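Novice: Return atomic coordinates for the entry below.
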Amino acid sequence: MTVEEYLRQNKESITEECLAIADNGSKAIITIKEDSGNYVCRISTVEKFTDTLPDNKFFKKMRDGITNAVLNKVIPVVVFEGQKARIISLPD
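Specialist: Just a heads-up that it's a prediction; the model follows:
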């Protein structure tokens, strides 16, 4: 299963959690970590997530991607697979 398939299968519950965060006045972010062929999903606020990132050049691309998604009113999905991280949006 790909992360996109995982998101599609769980879209309803993920969307509900994201809406609850938005109702409290924050922006939601979804983090997904691959763990032995399975995915572990966590939904939190952008503020809490970015507070955990060091403010350095190494994480600049990730910070910029998250900021860009929020500015375009898209919920950022940060996917950690192996030693790599990427940012995608919630699939249709």
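
Novice: List the contacts of stretch 37-47.
Specialist: 1, 3, 6, 10, 14, 17-18, 21, 26-33, 66, 70, 76 (C-beta atoms under 8 Å, 6 or more residues apart in numbering). Yep, even glycine has a C-beta here, placed from its N, CA and C like the rest.

Novice: Now the buried members of these.
Specialist: Burial by neighbour count, judged by 16 or more other C-beta atoms under 10 Å, picks out 3, 6, 14, 17-18, 21, 27-32, 66, 70, 76 from the contacts of stretch 37-47.

Novice: on that earlier part again, from the contacts of stretch 37-47, which land in helices?
Specialist: The helices, defined by DSSP state H, take in Val3, Tyr6, Ile14, Glu17, Cys18, Ile21, Ile66, Val70 from the contacts of stretch 37-47.

Novice: quick one: the last one and Cys18, what's the gap?
Specialist: With the distance defined as C-beta to C-beta, to the nearest Å, Val70 ends up 12 Å from Cys18.

Novice: if we can go back for a sec, quick check, nearest of the ones in helices among the contacts of stretch 37-47 to Lys84?
Specialist: Val3 (11.9 Å; C-beta to C-beta).

Novice: Excluding sequence neighbours, find me the nearest residue to that closest one.
Specialist: Of all residues not flanking Val3 in the chain, Val79 sits nearest, at 5.2 Å (C-beta to C-beta, 6 or more residues apart in numbering).

Novice: Go ahead and confirm that neighbour touches Ser89.
Specialist: No. Applying C-beta atoms under 8 Å as the test, Val79 and Ser89 come out as separate, 11.0 Å apart.

Novice: residues in contact with stretch 51-61?
Specialist: Taking C-beta under 8 Å, 6+ apart as the rule, stretch 51-61 contacts Met62, Arg63.

Novice: how long is that stretch end to end?
Specialist: 15 Å (C-alpha to C-alpha, to the nearest Å).
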